[in-house]
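In: need a 3D model of the following:
(4 chains)
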2 protein chains.
Amino acid sequence: MGEQVFNITELAQEFDITTRAIRFYEDQGLLEPERAGQRRIYNRRDRVRLMLILRGKRIGLSLLEIRELFALYDAAHDDAPQLQEFIRILERKELQLLTQMEDIKVVLTEIGQLRGQCEKALGKRANGHNQEKEL
Amino acid sequence: MGEQVFNITELAQEFDITTRAIRFYEDQGLLEPERAGQRRIYNRRDRVRLMLILRGKRIGLSLLEIRELFALYDAAHDDAPQLQEFIRILERKELQLLTQMEDIKVVLTEIGQLRGQCEKALGKRANGHNQEKEL
DNA sequence: GTTGACGTTGACGTAAACGTCAAGTTATCG
DNA sequence: CGATAACTTGACGTTTACGTCAACGTCAAC
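Out: Alright, predicted model coming up:
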């Protein structure tokens, strides 16, 4: 039983991106699918990489950073200085992500408060004056 | 006792951005500082706005989105349809942020695992073969 | 055998978010 | 008064992450 494979449009549809984007990721060295003639053939590993690329993007990584992480991860198994470098990058990224989560939490609670105020204003109109605080 | 004010370089230094960036935010309609002649004078409200801009950017908002949120928030106090629109935008953003937090959590745990593996590999070298799983 | 449907490689275009001069203005210090 | 520093407004350049053709290959179907 051969491994499961995908073509470029299947992946594009599954992840709701364009084929152009997928080819671009390949240009940037993030994917290296096999070829059947000139057609690209993606296996499960390629599909996982694509998922990681998209998740990386969602959390604000650039394609270059994602490629560096891939490369370091690939090399990290047998090269000690690479491992150290890998750990450093991960730690920096971890701090960034923690900050980002803090920001998100703050904004989420603010959103909650604002929505509450809005709905209150919609409920009881003409409530006189609104308190002009900061902003 | 007059209100506390700042000039552009003070704000740039405080938030570790360039003056060019601050002027750019003004070009995009995100800031409207007073002028003393041609020099820009920022008050506490401007400073708060700048903080909000930077936080918005950190969580992945575009400057356009930030401007829209500012505008809607300003108008939302006395216009009902604006309020509804404001609430819709906030709800969409809330969903995005929740997804983003999920992604971040996943990546953080993965980072933790990877770092653990790396440190283990650095501790006991030449551990034979590494298991080639997915990726 | 030709007609689509799908895929491919360039090449060029684009939007966002600034960076980088250039050239002028204003404030201040000696 | 002149020099210097700080600020100003354009104008153009740059990077990232693709979009958008154009022109060509290929393979099954009619």
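
In: quick one, the helix ranked longest in chain A and helix B:80-123 angle?
Out: If you go by DSSP state H, chain A has its longest helix at helix A:80-123. If you take axes from the mean of the first three to the mean of the last three C-alpha atoms, to 10 degrees, helix A:80-123 sits at 160 degrees to helix B:80-123.

In: packing partners of helix A:80-123?
Out: helix A:63-75, helix B:44-58, helix B:80-123 (3 or more C-beta pairs under 8 Å, 6 or more residues apart in numbering or on different chains; DSSP states H and E). Just so you know, the C-beta spots here come from the backbone N, C-alpha and C atoms, and that holds for glycine as well.

In: closest point of chain A to DNA strand C, which residue?
Out: residue A:40 (3.3 Å; C-beta to the nearest atom of the strand).

In: quick check: pLDDT value at the residue lying closest to that residue once chain neighbours are set aside.
Out: Spatial nearest neighbour of residue A:40, excluding adjacent residues (C-beta to C-beta, 6 or more residues apart in numbering or on different chains): residue A:33 at 4.4 Å. As predicted, residue A:33 sits at a pLDDT of 93.

In: the one 3 residues further on now?
Out: Per-residue pLDDT puts residue A:36 at 90.

In: what residues are bridge-paired with it?
Out: residue A:39 (DSSP bridges).

In: could you give the number of residues near it?
Out: Using other C-beta atoms under 10 Å in any protein chain shown, residue A:36 has 10 other residues around it.

In: cool, and residue A:102?
Out: Around residue A:102 there are 13 residues (other C-beta under 10 Å).

In: distance check, it against residue B:45.
Out: 23 Å (C-beta to C-beta, to the nearest Å).

In: ok, now residue A:53?
Out: Look at residue A:53 and residue B:45: by C-beta to C-beta, they are 41 Å apart.

In: repeat that for residue A:16.
Out: Distance from residue A:16 to residue B:45, by C-beta to C-beta: 40 Å.

In: the more surrounded of these two?
Out: Ranked by neighbour count (other C-beta under 10 Å), residue A:16 and residue B:45 place residue B:45 first, with 15 against 7.

In: residues of chain A that sit close to DNA strand D?
Out: Counting by C-beta under 7 Å from any atom of the strand, the residues of chain A close to DNA strand D are A:17, A:18, A:20, A:21, A:24, A:28, A:37, A:38, A:57, A:62, A:63, A:64.

In: among those, name the buried ones.
Out: Those of those that meet the buried threshold are A:17, A:57, A:63, by 16 or more other C-beta atoms under 10 Å in any protein chain shown.

In: how much space between residue A:90 and DNA strand D?
Out: For residue A:90, the distance to DNA strand D equals 19 Å [C-beta to the nearest atom of the strand, to the nearest Å].
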